[in-house]
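Trainee: With the sequence up front, the predicted model follows.
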Amino acid sequence: MSKYALSVCDLSYAYATKNALKNVSFDIPKGNFCALLGPNGAGKSTLFSVLTGLVQSPDGAVSVLGHDLASFGRLARRDIGVVFQQPTLDLDVSVTENLLYFAALHGISRRRAKPRVMDALDRLSMGERAGEKVRNLNGGHRRRMEIARALIHEPSVLLLDEPTVGLDHETRISITQYVHQLCDDGITILWATHLVDEIKPTDHLVLLHHGQVLETGRVSDVVGTKDLARWFSDQTVDA
Ligand SMILES: Nc1ncnc2c1ncn2[C@@H]1O[C@H](COP(=O)(O)OP(=O)(O)OP(=O)(O)O)[C@@H](O)[C@H]1O
């Protein structure tokens, strides 16, 4: 059994002539929060597309808990939950119905799904909104809901692509803290961001710039005593 929840080995991807990922490799140990830090255009969303199987990398490999994504796609994807950058909720049905529908897509019966949905909503302080139409929720509540939805099939690895974009500071920090806490339950997180205040010294870090991994490791080891914001800016400034 692999000690890594997610292993990415030598991935590349190009849109026509634009190389968006170049020989990307990194590992995330189980139960870690890993920040995928990179400025706009670094390749974060492209990497998410490859990790979720939306696009195929012509070379390289991804494995989830030791299962190769190319050979054991269904098995590997069963262990992944995803929150994409663009919301994908049905605005005209209730919070609960959105989540139950998603559970059904994972083959979970309504009877089994209902307690999971309520539990997930309660943990995200969303229990009181279970019956509301999504259209009536603010951006922060919709994001919480998407996180609850991504956890409904109890994945081991949760991928979130800039999940706090457009949210106010307080909501951003609250959601970031909640997702950090998921690691206490053994869930491994890959959190794409360009905002350094979402990252803790004990987190794992992958610094992506122009499609290449510049650094990877524990934040405190990689950055040392330097200020993370300053370090990030120094690493990604284009000469
Ligand atoms: N469909 C596409 N066609 C051509 N080029 C693309 C396409 N999507 C992304 N790119 C380019 O690939 C590179 C990586 O983009 P990507 O969206 O993966 O970066 P990102 O780090 O997620 O950026 P952002 O933070 O702005 O979302 C950028 O140069 C981008 O312009």
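Mentor: Good, I have the coordinates.
Trainee: Got the domain ranges for this structure?
Mentor: According to automatic domain parsing, the chain comprises the domains 1-79+156-239, 89-154.
Trainee: Average pLDDT for the longest one, rounded please.
Mentor: Same thing as domain 1-79+156-239. Averaging pLDDT along domain 1-79+156-239 gives 93.
Trainee: What parts of this structure come near the ligand?
Mentor: Contact residues (Cβ under 6 Å from any ligand atom) of the chain with the ligand: 15, 18, 20, 38, 40, 41, 42, 43, 44, 45, 46, 194. All C-beta atoms are positioned from the backbone trio N, CA, C, and that covers glycine.
Trainee: among these, which are in strands?
Mentor: Mapping the residues of the chain next to the ligand onto strands (DSSP state E) picks out 15, 18, 20.
Trainee: Restricted to buried residues, select those in ChimeraX.
Mentor: Restricted to buried positions by 16 or more other Cβ atoms under 10 Å, the ChimeraX selection for those reads:
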select :20
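Trainee: of the ones in strands among the residues of the chain next to the ligand, closest to residue 8?
Mentor: Ranked by distance to residue 8 (Cβ to Cβ), these are led by residue 20 at 14.2 Å.
Trainee: Secondary structure class of residue 2, three-state.
Mentor: The three-state label for residue 2, taken from DSSP: H, G, I helix; E, B strand; the rest coil, comes out as coil.
Trainee: Next one: it from the ligand, what distance?
Mentor: Going from residue 2 to the ligand by Cβ to the nearest ligand atom, to the nearest Å gives 26 Å.
Trainee: pretty sure that residue contacts residue 68?
Mentor: No - taking contacts as Cβ atoms under 8 Å, residue 2 lies outside contact range of residue 68: 10.6 Å.
Trainee: Next up, the contacts around residue 93.
Mentor: 101, 133, 134 (Cβ atoms under 8 Å, 6 or more residues apart in numbering).
Trainee: in the chain, which spans are strands?
Mentor: Assigned by DSSP E, the chain shows strands spanning 4-15, 18-29, 33-37, 61-64, 67-68, 80-83, 157-161, 188-193, 204-209, 212-218.
Trainee: Spit out the contact partners of residue 171.
Mentor: Residue 171 neighbours (Cβ under 8 Å, 6+ apart): 139, 140, 143, 164.
Trainee: How much space separates it from residue 189?
Mentor: For residue 171, the distance to residue 189 (Cβ to Cβ, to the nearest Å) stands at 18 Å.
Trainee: and if you look at residue 223?
Mentor: From residue 223 to residue 189 the distance is 19 Å (Cβ to Cβ).
Trainee: Those two: who's more crowded?
Mentor: Between residue 223 and residue 189, residue 189 has the larger neighbour count (other Cβ atoms under 10 Å), namely 24 against 21.
Trainee: what pairs with the more buried one across the strands?
Mentor: Counting by DSSP bridges, residue 189 forms beta bridges with residue 33, residue 158.
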